[in-house]
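**Student:** Show me the folded form of this:
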Amino acid sequence: MLIGNLQAWLTDFYALEIAYPIQDFLITDRCLALALDRDGRDNDEKLLIAEHNGEAEVSLYLKRELIERLALNDPTARLDERNLADFWTALEGVSHFTYYAFRATHDRSVTLLEMELQAEVDKFVATTALLRDQGERPPAALHHWLFEQTRLVDELSAGEQERYERANHYAGKYCRKLWPQLSSGVGWNELQRELRYFYRLTRGAKIDHIETG
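**Tutor:** Below you'll find the model as predicted:
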């Protein structure tokens with residue numbers, strides 16, 4: 001299944017040990033997702049978390065139609081303009097789940113800003129890596145598409161809007177520094193070490209690393 005492959009790519013790329021197969025936590029029923037998140041918006045993707053008494057109940061919702069479209073037009077076989085947006089939506093959900101599971105495995109807290117920031121980086125890195133594996137050169141406009149052409153939905157609260165804007169800003173700044181190596185493929189091992197180091201930093205350390213690196 002595609003989402004299992006995406007999780008496998010993330011865990012391999014970042015050298016993570018996570019004992020939670022994402023397929024076991026996936027739901028595609030819209031009504032169930034809305035019931036579990038009564039005050040939430042009707043999105044195509046959302047990570048649902050209920051924490052209590054030191055334990056967490058976690059589900060990843062991906063819209064059934066999204067999964068079906070990706071099954072018919074698999075981005076891991078060919079990533080192009082037909083499936084790029086769906087690929088990013090699915091990868092964002094897989095990234096959120098994987099990052100939360102990694103932090104939980106190591107008994108570390110995690111903030112929504114951290115998950116959003118890391119997901120934006122993951123989308124940028126995975127897109128360039130996947131295109132290179134398919135013999136394609138990552139488009140020069142990729143950074144613009146992900147970080148400058150985004151539009152937030154009107155229903156966001158002020159706090160949510162601020163969080164998404166900060167995540168977009170910091171991820172965009174970090175990925176701009178990575179672009180020369182990502183686009184050329186030169187120094188890939190060094191780049192992977194950098195990204196693995198960044199993945200394990202806390203929120204504050206991530207931001208400091210972006211601003212001073």
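**Student:** Could I get the full set of strands for the chain?
**Tutor:** 26-27, 45-52, 55-62 (DSSP state E).
**Student:** who does the last one touch, helix- and strand-wise?
**Tutor:** The elements that strand 55-62 packs onto, with contact taken as 3 or more CB pairs under 8 Å, 6 or more residues apart in numbering; DSSP states H and E, are strand 26-27, helix 30-36, strand 45-52, helix 84-105. To be clear about C-beta, it is placed using only N, CA and C from the backbone, and glycine gets the same treatment.
**Student:** which stretch among those comes nearest Gln181?
**Tutor:** Gln181 lies closest, by CB to CB, to one member of these: helix 84-105, at 20.3 Å.
**Student:** quick check, distance from the closest one to the centre of its chain.
**Tutor:** Here helix 84-105 is found 4 Å from its chain centre; the criterion is CA atoms, centre = their mean, to the nearest Å.
**Student:** same check, this time on stretch 157-173
**Tutor:** Worked out by CA atoms, centre = their mean, stretch 157-173 lies 14 Å from the chain centre.
**Student:** okay, that stretch in CSV with CA atoms only?
**Tutor:** Presented in CSV, the C-alpha positions along stretch 157-173 are these (Å, rounded to 0.1, in the frame of the first residue of the first chain):
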residue,chain,number,x,y,z
SER,A,157,-8.2,30.4,13.7
ALA,A,158,-5.6,33.2,14.3
GLY,A,159,-3.5,30.7,16.3
GLU,A,160,-3.6,28.1,13.5
GLN,A,161,-2.8,30.6,10.8
GLU,A,162,0.2,31.8,12.8
ARG,A,163,1.4,28.2,13.3
TYR,A,164,1.1,27.4,9.6
GLU,A,165,2.8,30.6,8.5
ARG,A,166,5.7,30.0,10.9
ALA,A,167,6.1,26.4,9.8
ASN,A,168,6.1,27.5,6.1
HIS,A,169,8.5,30.3,6.8
TYR,A,170,11.1,28.2,8.6
ALA,A,171,10.8,25.2,6.4
GLY,A,172,11.1,27.4,3.3
LYS,A,173,14.2,29.1,4.7
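**Student:** Show me which residues of it are buried.
**Tutor:** 163-164, 167-168, 170-172 (16 or more other CB atoms under 10 Å).
**Student:** same thing with stretch 72-87?
**Tutor:** For stretch 72-87, by 16+ other CB under 10 Å, it's 75, 79, 83, 86-87.
**Student:** residue ranges of the helices in the chain, please?
**Tutor:** 2-13, 30-36, 64-72, 84-105, 112-133, 142-143, 158-184, 188-199, 203-212 (DSSP state H).
**Student:** what's the closest of those helices to Gln149?
**Tutor:** helix 142-143 (9.7 Å).
**Student:** Who are the packing partners of the closest one?
**Tutor:** helix 112-133, helix 158-184.
**Student:** Counting by contacts, list what the longest one packs against.
**Tutor:** Translated: helix 158-184. helix 112-133, helix 142-143, helix 188-199, helix 203-212.
**Student:** Go through the ones you listed and name the closest to Gly4.
**Tutor:** helix 112-133 (14.7 Å).
**Student:** for the closest one, the distance to its chain's centre please.
**Tutor:** The chain centroid and the centroid of helix 112-133 are separated by 5 Å, computed with CA atoms, centre = their mean.
**Student:** Understood, closing this out.
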